[in-house]
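Q: sequence and predicted structure are below.
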Amino acid sequence: MDIPRLPVSSSSSEHSDVAGQRTADPAEAGPPAIAEAAPAVTAAEATRPPTGARKTRRLLYVTLPGCWGALIAGCLSFTPSLLPRGGIVQGLIWGITSAIGYGLGVLAAWIWRAFADRDPRRPRHRSWPIFFISAAILVAVSFGVGQYWQYEIRKLMGVTDYSVPLVIASPFVAALTFCLILLIGRGLRGLYRWAANLLNRWIGRRAAHAVGWILVAGLAYLAVTGLLLQGFVNVMNSAYSVRDTTTAEGVHQPTTGLRSGGPGSLIPWNTLGYQGRNFIGKGPTVADIEKFTGQPAMEPIRAYAGLASAPDAEARAALAVRDLQREGGFQRKNLLVVTTTGSGWVDPALVDTFEYLSGGDAATVAIQYSYLPSWISYLVDQSKAREAGRALFDAVYGAWAQLPQGQRPRLFVAGESLGSFGGEAAFSGENSLANLTNGALFAGPPNFNTLFREFTDHRDPGSPEVQPVYQDGQIVRFASDPSTDIPPAGQPWAGSRVLYMMHPSDPIVWWSPHLIFSEPDWISEPPGQDVLGGMFWMPFVTFWQVTADLPFATGVPGGHGHKYTSEYVDGWNAVMRPAGITPQDLTDLRTIIASDD
């Protein structure tokens, strides 16, 4: 909450303007004495800026406590987070955290005056010079150290992109961001004051102020969640629904009946959606698989239903399963149920690896539940992902369970990011996963995943959150790099295997609203292999830093952030346990999958 304060300029006339004092108008002069004084008053008024300029100055006015808060928070914004930042991103983080610091500084000053029972006072003569000198030194040091930290993070991840002009532009981006947030805050304060004054005509002053705050807070909430967010989602939904009718260059309708949209398919090609056609129209050929295995291979089966294929998730799941049955998917040795991410995307590395390691004796089924890209679906389509994951697995399992026990394919479940959230939805826990499937592979699980959080929160004592051990690894295990030993080493891992792959630098895995007020274990523990040791938790600041990492989570080399590629080779090898696969085979397949990315 902003409060009455002194301007940066210490002139008494500006102070009077800010305080809202009125000056006599000669046109309103009454008695002679007042009329005689009118020329002097008029001369004083003539030196004052116009009313509009005074209003603008009040809007951009800052307080000394707020500036100290902004300075401290802004310097802290240079501390490292999970991913390397460009100049524009750093400027945005700098501006946002400075605005947060400004608000906290104003609030702290208000609380101090409340306990001291005094009104605001004019800053001492040297207060502002001391602040500006301190700001110049602290910002220069923080900026320099911040650039060093960013260099170290880029080196950890092998990132070579670095734009000096954008780094130079970051202070200007920060200033614009800070001013915009400050103006929005003061606009809300002005609205509150207007509402309180209006209400004060009918109710008491204290009640008017309380109701005014409630009204403004409610209107702001509705504007953000209702008008802005929902409007943005509607616009994006319209835009991506149009894109969903297009087909990527180089993708063609299949000529085989072993894929949805091909000859004899129950699902028309033009209903699969953009990502569905990508999934169906790509993938390793029989020749590709035979070249890798050195043995005769089968053509993999893929079934997919898009949003236009059926009216709801259950209908799409039932249609996809019927097409899978038509293709002969239940007669293959390995059957994979994939929950897609956002717009219906299926990670090619996930499915391609599964098909290579099975020698092509595999079938994969998936359905679309949204037009929106993954990062928007992450915010607004979580329930749709859960519904789609549960509906698809239930439909597949229902058909699978009707087969004679000796003729059932091995049943696997997989999903990346929001797909792992949907993939978990059909299961109640680790025993459910083990009893209903032959294995599961989840990559980059969001922090809000129900089972992921349950397994992580109840991990064995002494195991770190970045790579936890759950119940001695009997069913569920976690790996930051599955090419190495998956802990706990030496412990039996019989029966169905469930593996979570999560990079220490993946913001999707670690982002949570709890970062605002509480320090997570993964920050207080020794850092992961691609996280800078200098990262530490700060209230508010760390939350915004990790939030800013989210849109760029896949903009890093494979093996870091939210980019999972060749990790699927060792992940599927651990879960599927294919026969006859040598370490050299795994090395060759990692190269194949990485080159296809």
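A: Looks like it arrived, so ask away.
Q: low-confidence ranges in the stretch 201-350 of the chain?
A: Under the criterion of pLDDT under 70, the regions of the stretch 201-350 of the chain flagged as low confidence span 225-227, 229-230.
Q: hmm, Val546 and Leu82 touching each other?
A: Yes. Counting by CB atoms under 8 Å, Leu82 touches Val546, with 6.3 Å between them. (Each C-beta comes from the backbone N, C-alpha and C, glycine too.)
Q: more neighbours: which of those two?
A: Using other CB atoms under 10 Å as the criterion, Leu82 and Val546 rank with Leu82 on top: 32 against 22.
Q: that one belongs to a helix?
A: No. Counting by DSSP: H, G, I helix; E, B strand; the rest coil, one finds Leu82 to be coil, located in no helix.
Q: residues contacting it?
A: Applying CB atoms under 8 Å, 6 or more residues apart in numbering, we find Leu82 in contact with 504-507, 510, 531, 535, 546, 549, 561.
Q: show me those residues that map onto helices.
A: Among the contacts of Leu82, the residues falling in helices (DSSP state H) are 507, 510, 546, 549.
Q: all strands of the protein, in order?
A: Taking DSSP state E as the test, the strands found in the chain are 301-305, 334-339, 362-367, 410-416, 439-443, 476-479, 497-501.
Q: export these to CSV and append columns for distance to Asn278 and mean neighbour count.
A: Putting the strands of the chain into CSV (distance: least, CB to CB, whole Å; neighbours: other CB atoms under 10 Å) gives the following:
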stretch, distance to Asn278, mean neighbour count
strand 301-305, 10, 30
strand 334-339, 13, 28
strand 362-367, 11, 28
strand 410-416, 15, 25
strand 439-443, 18, 28
strand 476-479, 28, 25
strand 497-501, 22, 25
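Q: so where is the stretch 451-597 of the chain shaky, pLDDT-wise?
A: Within the stretch 451-597 of the chain, the segments meeting pLDDT under 70 span 597.
Q: 80 instead?
A: Filtered on pLDDT under 80, the stretch 451-597 of the chain yields the residue ranges 485, 596-597.
Q: quick one: the helices in it, in order.
A: 507-510, 521-524, 541-549, 567-576, 583-596 (DSSP state H, counting those that start in this stretch).
Q: re the thing from before, just give me the closest of the contacts of Leu82 to Tyr397.
A: Asp506 (29.7 Å; CB to CB).
Q: what's the spacing between Tyr304 and Arg316?
A: Remark: distance between Tyr304 and Arg316 (CB to CB, to the nearest Å) = 9 Å.
Q: typo on my end, it should be Trp194
A: For Trp194 relative to Arg316 (CB to CB), the value is 51 Å.
Q: those two: which has the busier surroundings?
A: Under the criterion of other CB under 10 Å, the comparison of Trp194 against Arg316 puts Arg316 first, with 27 against 12.
Q: do you know how far that one is from Thr271?
A: Look at Arg316 and Thr271: by CB to CB, they are 10 Å apart.
Q: between the two, which contacts overlap?
A: Jointly contacting Arg316 and Thr271 under the rule CB under 8 Å, 6+ apart are 305-306, 309.
Q: and Val62, how many neighbours?
A: Neighbours of Val62 under the rule other CB under 10 Å: 17.
Q: do you know the pLDDT at it?
A: Looking at Val62, its pLDDT stands at 87.
Q: adjust the sequence numbering to begin at 341 for everything that follows.
A: Let's use 341 as the start, then, which means that last one is Val402.
Q: separation between the residue most central in space within the chain and Phe518?
A: By CA atoms, centre = their mean, the chain has its centre lying nearest to Leu890, at 3.7 Å. Leu890 is 21 Å from Phe518, where distance means CB to CB.
Q: same deal with Asn775?
A: Between Asn775 and Phe518 the distance, using CB to CB, works out to 55 Å.
Q: who has more neighbours, those two?
A: Each of Asn775 and Phe518 has its neighbours counted (other CB under 10 Å); Phe518 has more, 23 against 11.
Q: in contact with the residue nearest to Asn787 when sequence neighbours are not counted, which residues?
A: For Asn787, ignoring the flanking residues on the chain, the nearest one in space by CB to CB, 6 or more residues apart in numbering is Ser852 at 4.6 Å. By CB under 8 Å, 6+ apart, the contact set of Ser852 is 787-788, 860.
Q: can you pick the most crowded of the residues you listed?
A: Neighbours here mean other CB under 10 Å. Within these, the largest count is held by Asn787, at 20 neighbours.
Q: so which residues of the stretch 541-690 of the chain form helices?
A: 545-561, 570-583, 613-621, 626-633, 653-667, 688-697.
Q: gap between the residue lying closest to Gln708 once chain neighbours are set aside and Trp452?
A: What sits nearest to Gln708 in space, not counting adjacent residues and going by CB to CB, 6+ apart, is Gly684, at 3.3 Å. The gap separating Gly684 from Trp452 is 55 Å, by CB to CB.
Q: between those two, point out the one with more neighbours.
A: Shown here are Gly684 and Trp452; by other CB under 10 Å, Gly684 has more neighbours (28 against 11).
Q: isn't that one right up against Thr611?
A: No. Assessed by CB under 8 Å, Gly684 is found out of contact with Thr611, at 11.5 Å.
Q: need the residues touching each of these two.
A: Common contacts of Gly684 and Thr611 (CB under 8 Å, 6+ apart): Gly646.
Q: and the pLDDT for His465?
A: According to the prediction, His465 has pLDDT 87.
Q: follow-up on the earlier one: so what's in contact with Tyr644 and Arg656 at the same time?
A: Common contacts of Tyr644 and Arg656 (CB under 8 Å, 6+ apart): 707-708.
Q: quick one on the thing from earlier: save the helices of the stretch 541-690 of the chain as a markdown table, and put in distance to Gln430 too.
A: Formatted as a markdown table, those follow (distance: least, CB to CB, whole Å):
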| stretch | distance to Gln430 |
| --- | --- |
| helix 545-561 | 27 |
| helix 570-583 | 24 |
| helix 613-621 | 33 |
| helix 626-633 | 43 |
| helix 653-667 | 41 |
| helix 688-697 | 31 |
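Q: what about these, which gets the closest to Val736?
A: With CB to CB as the measure, helix 653-667 is the member of the helices of the stretch 541-690 of the chain nearest Val736 (5.7 Å).
Q: who's in contact with the closest one?
A: Under the criterion CB under 8 Å, 6+ apart, residues 597-600, 604-607, 641, 643-647, 649-650, 670, 703, 705-709, 724, 727-728, 731-732, 734-736, 738-739 lie in contact with helix 653-667.
Q: in it, which residues are buried?
A: 653-654, 656-664, 666-667 (16 or more other CB atoms under 10 Å).
Q: nearest to Val626, of the residues you listed?
A: Closest to Val626, out of all of the buried residues of helix 653-667 and judged by CB to CB, is Glu667, at 15.3 Å.
Q: per-residue confidence for the residue lying closest to Val481 once chain neighbours are set aside?
A: Distances taken as CB to CB, 6+ apart place Cys415 nearest to Val481, at 7.9 Å, with adjacent residues excluded. As predicted, Cys415 sits at a pLDDT of 95.
Q: now do Cys415 against Trp434, distance only.
A: Distance from Cys415 to Trp434, by CB to CB: 9 Å.
Q: the more surrounded of those two?
A: Between Cys415 and Trp434, counted using other CB under 10 Å, the more crowded position is Trp434 (28 against 21).
Q: spit out the contact partners of the more buried one.
A: 414, 417-418, 510-511, 513-514, 517.
Q: go on, Ser510?
A: Counting by CB under 8 Å, 6+ apart, Ser510 touches 427-428, 430-431, 434.
Q: residues near the residue lying closest to it once chain neighbours are set aside, how many?
A: Closest residue to Ser510 in three dimensions, ignoring its sequence neighbours and counting by CB to CB, 6+ apart: Gly431, at 3.7 Å. Using other CB under 10 Å, Gly431 has 24 other residues around it.
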